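J.: model this:
(chains A and B)
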Amino acid sequence: MEHQEAIDNYAAEGYLLDELTDAERHAFEEHFADCDTCFADVRDGLRFAAPLPDVVSVPVPAQRPWRELFAPLAAAAGVAIVMTGGIQQLAVVAPLRAQLANERAQLAKEREPHIVPAYTVVLDARAAQEPLTVNGASPFQFTFDIPPDLPPPYRCAIVDAHGKTRFSVPVTAAQARHTVNLQVPGGLLAAGNDSLVITGAGGVSVSPVEFTVQ
Amino acid sequence: MDRYPFDAEYLRRLRDADPMTVDHFVTYFTAKLSIKLFKSGFSQSDRDDIVQETFARFFAKLRMPDGIQSPESLGAFVFRTCDHVVFERYRINAKQDQLDDDCVNIPALDLNIEQLIMRGEEAEVVRRTLQLMTAKERQLLIDVFVTKRPKDEICREHGYTRDYLRVVVHRAIARFRFLYPNGKGKPPRRGQ
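T.: The predicted structure is shown next:
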């Protein structure tokens, strides 16, 4: 695919929208392999689209009804907005950016090295287990060894008291050769009694490890 | 257009394992292959594996006597190699993956706390940027990328053709890019 053809056909947007045929998609991918301009279009689109599902759970303020009801005034309002653009920049955008910078600084602090509680669990029904309680509001990790007699592929899951899977992650055979660390982000688990369940091929599982989330 | 000039000299340096050239090659194509694989829905760990396997095959082929001859099609060759790796991966996954229906599949085991925080941070920036867009643009992007409403339905509702949908999505993304903090945005191209 030539660059002009990609531009004329809005191929980057078609790619993002899954609107291209297989042949078009291959042609466009081979084009953006060499073309940084088209690659940037795709990358920026994905940069926007990828975190969007995390965003929509937070309600976005609806458009104000008066704009719907008094549409003829919208043009006049637009002129006023343009005229007051500088003020808006200072009064709205600048504080917004300052707030964002502040939040970023807080997040950067959270990304600094820090201690995460780690709980070593033994996946053996014969082993005596102390009652285990974790603080679900903060991140923590489970550390365990997958028994060598359990056939791959593996999957570790957190299951609640009603047997419902809270989440599940795969563990490759290569990862299972070493001690496995399962990191659980803070706030992911609600308070209650849960179990850590490790399964192998065909759903064969080792004895679950019960724990309490506070 | 900003097209990287792969030439015979580049290929020769790559074949001779010149460290700077190899480093450039790996960095350049890791970014592009990662985007392609992200679009295909692979997890981070799968993406890393596929990119590594693609490079391994590429360098093996490069060193063969009848290996890669035309530098101008280097990008296409790398992507085709990646397609082969992906195809094999699909076949393997189809045989292995049998999950419970109610199981929430978290695709990347290596999505660590730092990445989760970064994702949350990015989501917050996106949310604020969305608030600066018009309701129509915002709704269009949510319809297309989040709720994934049928595109025919979206087009019917707004009176767009399918081709024109690409145009309005392009404009909405360009506007998003323009409003995105830290001046990442540049004015929409193509005269919008």
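J.: longest single helix anywhere in chain A?
T.: What stands out as the longest helix in chain A, according to DSSP state H, is helix A:94-110.
J.: meant to ask about chain B, not that
T.: Chain B, longest helix under DSSP H: helix B:74-96.
J.: residues of that helix that come out buried?
T.: Residues of helix B:74-96 classed as buried under the neighbour-count rule (16 or more other C-beta atoms under 10 Å in any protein chain shown) are B:L74, B:G75, B:A76, B:F77, B:V78, B:F79, B:T81, B:C82, B:D83, B:V85, B:V86, B:R89. Using the backbone N, CA and C atoms, a C-beta is placed for each residue, glycine as well.
J.: from these, which is closest to chain A?
T.: B:G75 (2.9 Å; C-beta to the nearest C-beta).
J.: For A:F28, grab the count of nearby residues.
T.: Residues near A:F28, counting by other C-beta atoms under 10 Å in any protein chain shown, number 22.
J.: Disregarding residues adjacent in the polypeptide, which is nearest to it?
T.: Spatial nearest neighbour of A:F28, chain neighbours left out: A:A11 (4.7 Å); criterion: C-beta to C-beta, 6 or more residues apart in numbering or on different chains.
J.: Equivalent analysis for B:V22, please.
T.: Nearest to B:V22 is B:L14, by C-beta to C-beta, 6+ apart, at 6.5 Å.
J.: That neighbour against B:F25, yeah?
T.: Yes. Here B:L14 lies in contact with B:F25, judged by C-beta atoms under 8 Å, at a distance of 5.9 Å.
J.: In chain A, where is pLDDT below threshold?
T.: Counting by pLDDT under 70, chain A contains low-confidence residues at A:51-93, A:103, A:106-107, A:109-110.
J.: which residues of it fall in strands?
T.: Here chain A has its strands, by DSSP state E, at A:118-120, A:133-134, A:140-144, A:154-160, A:165-171, A:180-184, A:192-199, A:209-213.
J.: can you tell which of these is closest to B:P65?
T.: Each of these has some distance to B:P65 by C-beta to C-beta; the shortest is strand A:165-171, at 40.2 Å.
J.: any idea of the angle that closest one forms with strand A:209-213?
T.: Relative orientation of strand A:165-171 versus strand A:209-213 (axes from the mean of the first three to the mean of the last three C-alpha atoms, to 10 degrees): 130 degrees.
J.: What separation is there between the closest residue to chain B within chain A and B:E121?
T.: At 2.9 Å from chain B, A:A33 is the closest residue in chain A, using C-beta to the nearest C-beta. A:A33 sits 30 Å away from B:E121, going by C-beta to C-beta, to the nearest Å.
J.: So for these two, which residue has more residues nearby?
T.: A:A33 (25 against 19).
J.: from what I can see that one touches B:S73, true?
T.: No. With contact defined as C-beta under 8 Å, A:A33 does not reach B:S73; the gap is 9.5 Å.
J.: could I get stretch B:150-159 in CSV with only the CA atoms?
T.: Presented in CSV, the C-alpha positions along stretch B:150-159 are these (Å, rounded to 0.1, in the frame of the first residue of the first chain):
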residue,chain,number,x,y,z
PRO,B,150,-22.7,-2.1,15.6
LYS,B,151,-21.2,0.4,13.2
ASP,B,152,-24.2,0.3,10.9
GLU,B,153,-26.3,1.4,13.8
ILE,B,154,-24.0,4.3,14.6
CYS,B,155,-23.9,5.3,11.0
ARG,B,156,-27.7,5.2,10.7
GLU,B,157,-28.1,7.2,13.9
HIS,B,158,-25.8,10.0,12.7
GLY,B,159,-26.5,9.8,9.0
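J.: Check the gap between the residue nearest in space to the middle of chain B and A:L16 for me.
T.: Centroid check for chain B by C-alpha atoms, centre = their mean gives B:I35 as the closest residue, at 1.7 Å. Distance of B:I35 to A:L16, computed by C-beta to C-beta: 11 Å.
J.: Now for those two: what residues contact both?
T.: Common contacts of B:I35 and A:L16 (C-beta atoms under 8 Å, 6 or more residues apart in numbering or on different chains): A:V42, A:L46.
J.: the helices in the chain, which residues?
T.: Chain wasn't specified; assuming chain A. Going by DSSP H, chain A shows helices at A:3-8, A:11-16, A:22-32, A:36-49, A:52-55, A:65-69, A:71-83, A:85-88, A:94-110, A:173-176.
J.: switch to chain B, that's the one I care about
T.: For chain B, the helices defined by DSSP H occupy B:8-15, B:19-39, B:44-62, B:74-96, B:113-131, B:135-145, B:151-158, B:162-179.
J.: what stretches of chain B score poorly on pLDDT?
T.: Those would be B:1-3, B:95-120, B:181-192, if you go by pLDDT under 70 across chain B.
J.: ok, and what's touching stretch A:132-142?
T.: Here stretch A:132-142 makes contact (C-beta under 8 Å, 6+ apart) with A:116-121, A:181-191, A:196, A:209-214, B:113.
J.: How far does it sit from its chain's centre?
T.: 20 Å (C-alpha atoms, centre = their mean, to the nearest Å).
J.: Give the buried residues for that stretch.
T.: A:V134, A:G136, A:P139, A:F140, A:Q141, A:F142.
J.: Can you dump the C-alpha atoms of it in CSV for me?
T.: C-alpha atoms of stretch A:132-142 as CSV (Å, rounded to 0.1, in the frame of the first residue of the first chain):
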residue,chain,number,x,y,z
LEU,A,132,-4.2,-16.5,56.6
THR,A,133,-5.6,-12.9,56.7
VAL,A,134,-4.7,-10.3,54.1
ASN,A,135,-5.5,-6.6,53.8
GLY,A,136,-7.4,-6.3,50.5
ALA,A,137,-7.1,-2.5,50.4
SER,A,138,-3.3,-2.7,49.8
PRO,A,139,-1.3,-4.7,47.3
PHE,A,140,0.1,-8.0,48.5
GLN,A,141,1.5,-11.1,46.9
PHE,A,142,1.2,-14.8,47.3
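J.: Chain A versus the residue nearest to B:V22, what's the distance?
T.: Using C-beta to the nearest C-beta, to the nearest Å, B:L14 is found at 15 Å from chain A.
J.: and what of B:D66?
T.: Taken as C-beta to the nearest C-beta, the span from B:D66 to chain A is 22 Å.
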